[in-house]
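J.: Okay, sequence plus prediction incoming.
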Amino acid sequence: MFRRLRSLPEDWVVLHSLGLIRHAHKPWSEIDFTVVGPLGVLMIEVKGGTVFRQQGEWRVRTAAGDLRSLGRGPFQQVGGAEAATRHFLEDRLPWLADVTFGYLVATPECRLEIDDLGIDQAYVYDARRVGTELIGVVSEVFAQWRARMGRTAGLSGDDVAEVVSQICGDIPMKPDLRNELHEVDRRMGELTTEQRRAVRDLADCRSLWLAGPAGSGKTLLAVAEARRHSREGLTVAYCCHTSGLADHVRSLVSGEGLAIDVVHRHELLRRPNTGSARWDVLVVDEAQDLMDGEFTDLAEGMLRGGLAEGVWRVFTDPNQALFGSVDQMSVQRWLSSRPAIQRLSRNCRSTQAISLTVSALTGVPLAGGVEGAPRPEILYVAEGGAGEAVLNAVERLGAQGLDPEEIIVLTPHRLETSVLHPIGGCFVDFRSKSGVGPMRHATVGAFKGLERRAVVVGGIDEIESVWMRQQLYVACTRSTALLTVVLPEGLEQVVAAGYLRAVRDGADSTEDG
């Protein structure tokens, strides 16, 4: 029967073994074939072997000679299934009220000669009709049901597709985003533990220079080092460049009773210089943004023992030097005191897919990261469409269950001076907990050193300049799992070439090539 039904024209759809959970009399029922086409909907129940009814009981003798009962019989079975299907579809698609529905019992291995009060021979397909072209049989059956039910409407191609989608629609593969993100968090935790061990092994070193790319856990390790030294009774300064990162670190160590002075660059410059050292230990985070003569002089004067004899920890991103933003003379002043040098190569914040995207967009060789989570999304929009694309991206993330505080929109410029300025009223500053609108925004520079589960990068008008590539590097690496980048139309080929280069460079860096 399966082979014969395949001979129907292309505008027919045949569903095999359709399960029915909405049956009026059974918790579960199944029908062998459901045929949907231009003439309507037909249910077919197939019975192999020799089917017969004796003293009111339906039975079948199999090819092996065994006898078994068919319960209520094939006609009641298919009739109940047809009624359940028809009622279900008409509730959902009222326009089917004039479309022909029917059923057919097929016993292709025997003759079923019966025509009584409960059974009409017109709805039987048995061994006598096996040689008949099946479309002819189906057409005759529909004609009988049209006359019987008074229904005359057929189905267009779109109607057939709609009916099929209702009774056996595709179920898209939709993994639960939250479960994916929890798994990513777990793997990040494992990698971060490895990074902590690497720093613990160097705990006795007087001075330490730790270099690692974005996402290698530098801030986490810097805070851990500040806590460790403070618990030993030492006064500790944690220095960074931005107020946003300083506020974040203060929130992490507040209430712990530790003598950690968290200070960002501008606060440090405003403090009066007493000429005497005030810190036992200096921890410098995001040091690539602080490495200049002015900050180095301050550190030299305020750290007991200075750079040469004092206890300090520097955490820096060597990739930032690729953009020409690091004062190499200041770097040499720190390195001349012969610190222990540790390279952090593991990316324990972002996913592998995000690392690949960062490399494609910026040319910076950023490898590693945890597996899992959706691939980053790059949206190419026409002039004037960037704002709407950013808003839509944020709305999609919210629809997937993310809280507003898990999402940040990053732009190189302030909203009022970026290509997103028409939608500036939809956002509040990322440090504000009040205001209208759930969406958080920050400039890339203000968000350095911080992270969010989902990052939407907008306000990009080109990706060729060194400054813009630096902005993209920092912005994209703020994401731990979900990344969306909105770019102007016309950059598709440039980005595609970047992905090919990043994949090639990543393969060349593996041991087996």
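T.: Nice, I can see it.
J.: So for G244, what's the nearest residue that isn't a sequence neighbour?
T.: In this structure, G244 finds its nearest non-sequential neighbour in A446, 5.1 Å apart by Cβ to Cβ, 6 or more residues apart in numbering. Glycine gets a C-beta too; all of them are placed from N, C-alpha and C.
J.: ok, how many other residues are close to the one you found?
T.: A446 is flanked by 17 other residues according to other Cβ atoms under 10 Å.
J.: Give me the distance between it and V253.
T.: According to Cβ to Cβ, to the nearest Å, A446 stands 21 Å off from V253.
J.: Just list the residues touching the residue nearest to G244, thanks.
T.: T242, S243, G244, F430 (Cβ atoms under 8 Å, 6 or more residues apart in numbering).
J.: Least confident of these?
T.: Minimum pLDDT for those is recorded at F430 (76).
J.: Please report how far it lies from E309.
T.: Distance from F430 to E309, by Cβ to Cβ: 40 Å.
J.: Comparing those two, which shows the higher neighbour count?
T.: More neighbours surround F430 than the other of F430 and E309, with 20 against 11 (other Cβ under 10 Å).
J.: Please name the residues that touch the more buried one.
T.: G244, I408, R440, H441, A442, A446, F447.
J.: Next: R53.
T.: So R53 contacts R59, G73, I114 (Cβ under 8 Å, 6+ apart).
J.: Report the secondary structure state of it.
T.: strand (DSSP: H, G, I helix; E, B strand; the rest coil).
J.: That one bridge partners, please.
T.: The partner list for R53 in beta bridges (DSSP bridges) reads W58.
J.: give me every residue that touches the closest residue to C240 other than its chain neighbours.
T.: With Cβ to Cβ, 6+ apart as the criterion, C240 has its nearest non-adjacent residue at 4.6 Å, and that residue is D285. The neighbours of D285, taking Cβ under 8 Å, 6+ apart as the test, are K218, T219, A222, Y238, C239, C240, L245, V249, F315, G449.
J.: quick one on the thing from earlier: could the contacts of R53 go into CSV alongside neighbour count, pLDDT and distance to C426?
T.: CSV is the format used below for these (neighbours: other Cβ atoms under 10 Å; pLDDT from 0 to 100; distance: Cβ to Cβ, whole Å):
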residue, neighbour count, pLDDT, distance to C426
R59, 17, 91, 71
G73, 21, 87, 65
I114, 16, 79, 72
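J.: Out of the residues you listed, flag the one nearest to A127.
T.: I114 (13.7 Å; Cβ to Cβ).
J.: Might you report the residue contacts of the closest one?
T.: R53, Q121, V124.
J.: Please identify which helix or strand holds A226.
T.: helix 218-231 (DSSP states H and E).
J.: If we go by neighbour counts, what in that helix is buried?
T.: By 16 or more other Cβ atoms under 10 Å, the buried positions in helix 218-231 come out as 218-230.
J.: quick one: which of the contacts of D285 is nearest to D159?
T.: G449 (58.0 Å).
J.: circling back: restricted to helices, list the contacts of A446.
T.: Among the contacts of A446, DSSP state H puts S243, G244 in helices.
J.: Next one: the most centrally placed residue in the chain, what pLDDT does it get?
T.: Residue closest to the mean C-alpha point of the chain, counted by Cα atoms, centre = their mean, is P374 at 3.0 Å. Looking at P374, its pLDDT reads 79.
J.: and if you look at R250?
T.: In this prediction R250 is given a pLDDT of 90.
J.: Check the contact between it and H264; I expect there is one.
T.: No: here R250 does not reach H264: they are 10.1 Å apart, not a contact under Cβ atoms under 8 Å.
J.: who has more neighbours, those two?
T.: A count of neighbours by other Cβ under 10 Å puts H264 above the other of R250 and H264, at 20 against 14.
J.: Stretch 14-24 - what's its average pLDDT?
T.: Mean predicted lDDT for stretch 14-24 stands at 70.
J.: measure the residue nearest to the centre of the chain to V358 for me?
T.: 16 Å.
J.: what's the answer for R343, then?
T.: For R343 relative to V358 (Cβ to Cβ), the value is 19 Å.
J.: neighbour count winner among these two?
T.: Applying other Cβ under 10 Å to R343 and V358 shows that V358 carries more neighbours, namely 32 against 13.
J.: Can you name the next helix or strand after the one helix or strand the more buried one maps to?
T.: In this assignment (DSSP H and E), V358 forms part of helix 352-362. Following helix 352-362 in sequence order, the next helix or strand is strand 377-381 (DSSP H and E).
J.: which of the residues in that next one are buried?
T.: Buried residues in strand 377-381 (16+ other Cβ under 10 Å): I378, L379, V381.
J.: Would you mind measuring from the residue of the chain most remote from its centre to E232?
T.: Taking Cα atoms, centre = their mean, the residue of the chain most remote from its mean C-alpha position is Q55, at 62.0 Å. Using Cβ to Cβ, Q55 is found at 95 Å from E232.
J.: give the contact list for the nearest residue to L410 once chain neighbours are set aside.
T.: In space, and not counting its chain neighbours, L410 is closest to A475: 4.4 Å by Cβ to Cβ, 6+ apart. By Cβ under 8 Å, 6+ apart, the contact list for A475 reads L410, P412, V444, F447, V455, V457.
J.: switch to 10 Å and redo it
T.: Neighbour list for A475: 358, 361-362, 408-412, 442-445, 447-448, 455-460, 483, 485 [criterion: Cβ atoms under 10 Å, 6 or more residues apart in numbering].
J.: Looks to me like it is in a helix.
T.: Yes: counting by three-state DSSP, A475 falls inside a helix.
J.: Just the pLDDT for it.
T.: 93.
J.: what's the following helix or strand after the lowest-mean-pLDDT helix or strand in the chain?
T.: Every helix and strand of the chain was ranked by mean pLDDT, DSSP states H and E. The lowest is helix 177-200, at a mean of 63. Sequence order places strand 207-211 as the next helix or strand after helix 177-200, per DSSP H and E.
J.: Kindly provide the distance from the residue farthest from the centre of the chain to I423.
T.: 79 Å.
J.: Determine the number of other residues adjacent to D159.
T.: 19.
J.: Tell me who's in contact with it.
T.: V36, G37, P38, G40, L93, W95, L96, V99, A153.
J.: Same check on E492?
T.: Contacts of E492 (Cβ under 10 Å, 6+ apart): I378, Y380.
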